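Participant: How does the following fold in three dimensions:
(2 chains)
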2 protein chains.
Amino acid sequence: MNSDLLFITVMYIDKFIRKTAVDIEPCVHGGRIVRELRKSGVKPLDFSANCNPFGPPDKEKLKLVINKTLKNIDWYPDNEYIDLRTAAARFSGVELENIIPSNGSSELIRLIMQTILDNGDMVILPQPTFGEYELSIRLSGAVPEYIKYEAVYRDSGTITDDMLNRSKLVIICNPNNPTGTFISKTDLEILAKRCQECETFLVIDEAFIELCDPSSSMSTYVNNNPFLILIRSLTKIFTIPGIRIGYGIAHREIASKMNNLRIPWNVGSVPAAVGTWLMDTHYKNPAFLEQSRELINIERDWLIKNLGLIRGFDPVPSSTNFILINIHDFGMDSVMITRCMQQLGILIRDCSSFRRLDQDYIRVAVRSHKENQQLIDTFSKSMELWGKYLAKKSIHEALQRGKTFSNTDCEYYPCHFEGQDCTFCFCPFYPCEDERTKGEMITRSTGDQIWSCMDCDLLHRPDVAKAVLEELINCEGNIRDLKKIWKKVVEPLL
Amino acid sequence: MNSDLLFITVMYIDKFIRKTAVDIEPCVHGGRIVRELRKSGVKPLDFSANCNPFGPPDKEKLKLVINKTLKNIDWYPDNEYIDLRTAAARFSGVELENIIPSNGSSELIRLIMQTILDNGDMVILPQPTFGEYELSIRLSGAVPEYIKYEAVYRDSGTITDDMLNRSKLVIICNPNNPTGTFISKTDLEILAKRCQECETFLVIDEAFIELCDPSSSMSTYVNNNPFLILIRSLTKIFTIPGIRIGYGIAHREIASKMNNLRIPWNVGSVPAAVGTWLMDTHYKNPAFLEQSRELINIERDWLIKNLGLIRGFDPVPSSTNFILINIHDFGMDSVMITRCMQQLGILIRDCSSFRRLDQDYIRVAVRSHKENQQLIDTFSKSMELWGKYLAKKSIHEALQRGKTFSNTDCEYYPCHFEGQDCTFCFCPFYPCEDERTKGEMITRSTGDQIWSCMDCDLLHRPDVAKAVLEELINCEGNIRDLKKIWKKVVEPLL
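Facilitator: Purely as a prediction, here's the structure:
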């Protein structure tokens, strides 16, 4: 089908699609390890998915649990999921009747919105946050009213009674993805009470709470507050994204409604058995989760400190197992640095798909110490790669321009000396690693080494710039000839 | 919570629920083997779920496939599901871009309705059929217009252009659950063309088509007809209800919309790997499915013939692996016979939850020959159990009445002789197995033996009835005393 015809078909078909579904684009997510592996054949180190770095616990036992399930794979799962819900209830300090089992927490988000929201309802949605909320809200025909997440984080009173009265639902991710910030239980208790008074649902996504502070869960309040709904996921805390398993916690009447509406066998026998086993085991012996939290705290602090040492990186304080980093002053934007890191074998989360974050933020997971060290090293390497890329780009632009020039409009002019040439904003020979240029190998605060040419002004001298450009034009920009040009033009000056 | 308070809470909460969700009750389904096992501790023989009786194929290889997946259970599944969709496309003779992967076919039904239907849209829904369609239609805010399934089955022209023009969607299950009837490809081709002309979606659920006639699938038409959507399921054909895996087939633009709207990782790594393996394997070597169809045909014909021999059973002709039986003239209704069979260790499907079927129908799956024989035998046993139950009931009613009587208003009066007593419509001593009563053990047409008391009129003699009733009153209806009463009252008369 040619592209014009395709466009016509798309436009034509849109006429027949549910109105709220026409413009919905799928959310962007991290954890694209399988796709990367397919593309490059090399398994990357995944800092883009934010799972417990110390899971999954007891893989051998997990295998046994699954293999036991396979014996009866020709049976339909019990679609009341009594075992799974009993385990979840005990794990969360509630009753079986409060639990809604789900195929990962994404399904639960859809189910909540589908159970509650009518066309035109308003939903208070702090931003930035997990993208699936907005998709589900819009799909249900409701309208999100954005507020700043920091506002809720610093003072939950930012959500006024007037706003609550106008809204059908408020959704808060706690700790928040992607910021890692955590709203205190006291603040949420106040907000939950106000929501109940205003007859507005408060949905709290506690997907990461077990990796942060499980004692702050709001689970015990659901029985006295039918307007409170909690989202839980086993994906993150037990590092089992391949097994889709989550659950909701709500007042028994709301839970009953949602259990009526969910698809009949939304959880397969394998995830049901795995979920039951994991929650039973770790309810009886919480050591794994306790140790995970301890190690995450240590590693997160180390990582925040060391990320902060990278020039242009400003990590946001986090209470959980991932860190949002403001890279506005870094040089590369989030798209570029993500691509660059990917080429170096590390997946990070480009946060440009989150509202309000533009291309100024990336998110990294907290992993083991060795891996975190590797992350820091690779960020340094990415800067070198970036330097080389800019050098190439500089050559390309110089060739296109075809003449030397001084960029006096540049906010950094003059970066070396008044009257300098700006044809090669980035040196085409970077990193030459020749100390006669006055450049030097420096040890960065993170411990790794990088070539600094802060004190070299060779390529900014108008005569040198002109000579290098002429040679580049002669060889038609063939960068394999750079060594020859260096020898001919730069070497004699050293 | 006391029941009044609970009722008030329910009513109160309903005010805040999505309008289309308030009255939705979950569908009733078969396959409750796990629940039965929990209740009774005994594994029943399941004729209520309608899966391929010869699956799952190669359980050992299945285990290997799953165990291989477990190695990377800490990775998110590729949420484009390239491998799974490629396998499904090949298996169904379409392209990767036509495939929408889903967590069983129930999720797909919801997704289709959620993608297409707006509040107030009309949907043509032949009845009786699979209950999940109606639930999804109502949840989406659309309105089902019921038509008789037989009408479509006999002449798809029953759906007039006027109806199509008024409707957004028509959904047809082919072969149909629970009737087992099959609409020919020619008829569906005509209907699909008419739907396209009227710009009305035609959704065909082909969950059972591989167990019936895969050459009749409409899959090859999707690329030229954006109004045609097919539902496929691996649950039924490979007998893996524990692994939730299905997929949709649609025009690439519709498929793309639906892939945008489905939850990001709706299929876990295990079902994705199992689905890929099964479809790859059975595309390359279709022997298992071919043999399944052959065996199902043979067993279905045997079962229909033998079910037809049971007095009061009228099996509906079927083209697939389950049989709907009209039991209107049987004596027990569908609820009673289902309970009775359950007590005898066999699950059958009470069809009273299907529209138009009331308590007049049950559905049984076609299983292996030995199991089918067991089903027939157990139906006979259930009749005996039923006789005993009626005898007990007869005693209870007689005691309540406290005196003998002739029921001349009964449509069967006189079943034995004019002036007979009707206190014990069913003999409290059934089955006495004493040939002196003129009762006899007869061999039924199905081959099994049953005690017939057609020629015994003892308990209808007014003096005998009176004496038995008096004795029953004396022992306060203790049925353990029946033997004594027999000896005292009946024995002397033989």
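Participant: Would you mind checking which helix or strand in chain A has the lowest mean pLDDT?
Facilitator: Here the helix or strand of chain A ranked lowest by mean pLDDT, DSSP states H and E is helix A:3-14, holding a mean of 66.
Participant: what element comes up after that one heading to the C-terminus?
Facilitator: Using DSSP states H and E, the helix or strand that follows helix A:3-14 towards the C-terminus is helix A:33-40.
Participant: Now that following helix: average pLDDT?
Facilitator: Average pLDDT, helix A:33-40: 74.
Participant: now stretch A:54-68
Facilitator: Average pLDDT, stretch A:54-68: 92.
Participant: now swap in stretch A:159-179 and tell me
Facilitator: With pLDDT averaged residue by residue, stretch A:159-179 scores 95.
Participant: what's the answer for stretch A:273-293, then?
Facilitator: When pLDDT is averaged along stretch A:273-293, the result is 97.
Participant: Tell me the secondary structure of A:Arg355, please.
Facilitator: coil (DSSP: H, G, I helix; E, B strand; the rest coil).
Participant: so what's it closest to, chain neighbours aside?
Facilitator: A:Gln127 (4.3 Å; Cβ to Cβ, 6 or more residues apart in numbering or on different chains). In short, each C-beta sits where N, CA and C put it, glycine included.
Participant: in chain A, what spans have low per-residue confidence?
Facilitator: Residues of chain A that meet the criterion pLDDT under 70 lie in A:1-11, A:31, A:156, A:444-448, A:477, A:479.
Participant: longest helix anywhere in it?
Facilitator: Scanning chain A for the helix with the most residues, using DSSP state H, yields helix A:369-401.
Participant: is that helix up against chain B anywhere?
Facilitator: No. Helix A:369-401 stays clear of chain B (Cβ under 8 Å from any Cβ of the partner chain), getting no nearer than 13.1 Å.
Participant: Please name every helix or strand in contact with whichever helix or strand comes after that helix.
Facilitator: Moving toward the C-terminus from helix A:369-401, the next helix or strand (DSSP H and E) is strand A:440-443. In terms of contacts (3 or more Cβ pairs under 8 Å, 6 or more residues apart in numbering or on different chains; DSSP states H and E), strand A:440-443 is packed against strand A:449-452.
Participant: just checking, what packs against the strand it packs on?
Facilitator: On a contact count with 3+ Cβ pairs under 8 Å, 6+ apart, strand A:449-452 meets helix A:369-401, strand A:440-443.
Participant: right, so of these, which gets closest to A:Asn478?
Facilitator: Across these, A:Asn478 has its closest neighbour in helix A:369-401 (10.0 Å, Cβ to Cβ).
Participant: Pull the contacting residues for A:Leu125.
Facilitator: Listed by Cβ atoms under 8 Å, 6 or more residues apart in numbering or on different chains, the contact set of A:Leu125 reads A:Tyr133, A:Glu134, A:Ile137, A:Pro144, A:Glu145, A:Tyr146, A:Ile147, A:Ile171.
Participant: nearest to B:Val65, of those residues?
Facilitator: Using Cβ to Cβ, A:Tyr133 comes nearest to B:Val65 of the contacts of A:Leu125, at 35.0 Å.
Participant: Any idea how many residues pack against the closest one?
Facilitator: Residue neighbour count, defined by other Cβ atoms under 10 Å in any protein chain shown, stands at 25 for A:Tyr133.
Participant: circling back to that earlier point, if you compare the helices and strands packed on strand A:449-452, which one is most tucked away?
Facilitator: Mean neighbours per residue, mean count of other Cβ atoms under 10 Å in any protein chain shown, is largest over the helices and strands packed on strand A:449-452 for helix A:369-401, with a mean of 17.
Participant: Could I get the contacts of A:Leu125 in CSV, plus columns for distance to A:Lys257 and secondary structure?
Facilitator: Compiled in CSV, those are given as follows (distance: Cβ to Cβ, whole Å; DSSP: H, G, I helix; E, B strand; the rest coil):
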residue, distance to A:Lys257, secondary structure
A:Tyr133, 20, helix
A:Glu134, 23, helix
A:Ile137, 18, helix
A:Pro144, 23, strand
A:Glu145, 25, strand
A:Tyr146, 28, strand
A:Ile147, 28, strand
A:Ile171, 18, strand
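Participant: Write the ChimeraX selection for whichever of those are buried.
Facilitator: Burial among these is assessed by 16 or more other Cβ atoms under 10 Å in any protein chain shown; the matching ChimeraX selection reads:
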select /A:133,134,137,144,147,171
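Participant: do you know how far A:Ile240 is from A:Asp83?
Facilitator: Per Cβ to Cβ, to the nearest Å, A:Ile240 is found 17 Å from A:Asp83.
Participant: Between those two, which has more neighbouring residues?
Facilitator: Neighbour comparison, A:Ile240 and A:Asp83: the larger count goes to A:Ile240, with 29 against 20 (by other Cβ under 10 Å).
Participant: I figured that one hits A:Lys59, correct?
Facilitator: No. Shown here, A:Ile240 and A:Lys59 do not form a contact pair, counting by Cβ atoms under 8 Å, at 10.0 Å.
Participant: Find residues that contact each of those two.
Facilitator: By the contact definition Cβ under 8 Å, 6+ apart, A:Ile240 and A:Lys59 are jointly contacted by B:Ile73.
Participant: burial measure for whatever residue of the stretch 251-400 of chain A ends up closest to chain B, as a count.
Facilitator: With Cβ to the nearest Cβ, the shortest gap between the stretch 251-400 of chain A and chain B falls at A:Ser269, namely 3.3 Å. Burial of A:Ser269 is recorded as 26 neighbouring residues (other Cβ under 10 Å).
Participant: phi, psi of it?
Facilitator: phi -60, psi -40 (degrees, to the nearest 10).
Participant: all helices for the stretch 151-300 of chain A, in order.
Facilitator: For the stretch 151-300 of chain A, the helices defined by DSSP state H, counting those that start in this stretch occupy A:161-166, A:185-197, A:234-238, A:252-261, A:269-284, A:287-308.
Participant: could the ones you listed be laid out in TSV, adding distance to A:Asn50?
Facilitator: Below are these laid out as TSV (distance: least, Cβ to Cβ, whole Å):
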stretch	distance to A:Asn50
helix A:161-166	30
helix A:185-197	21
helix A:234-238	7
helix A:252-261	26
helix A:269-284	18
helix A:287-308	11
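Participant: Pop the domain breakdown of chain A in here.
Facilitator: Using automatic domain parsing, the domain parsing of chain A gives A:26-50+A:288-367, A:59-285, A:403-493.
Participant: of the ones you listed, which approaches A:Tyr389 most closely?
Facilitator: Using Cβ to Cβ, the domains of chain A put domain A:26-50+A:288-367 closest to A:Tyr389, at 7.8 Å.
Participant: Next, the residues that contact stretch A:291-298 from outside, please.
Facilitator: The contact list for stretch A:291-298 (Cβ under 8 Å, 6+ apart) reads A:Asn52, A:Pro53, A:Phe54, A:Gly55, A:Glu210, A:Leu211, A:Cys212, A:Asp213, A:Ile237, A:Thr320, A:Asn321, A:Val366.
Participant: Right, I'll leave it there.
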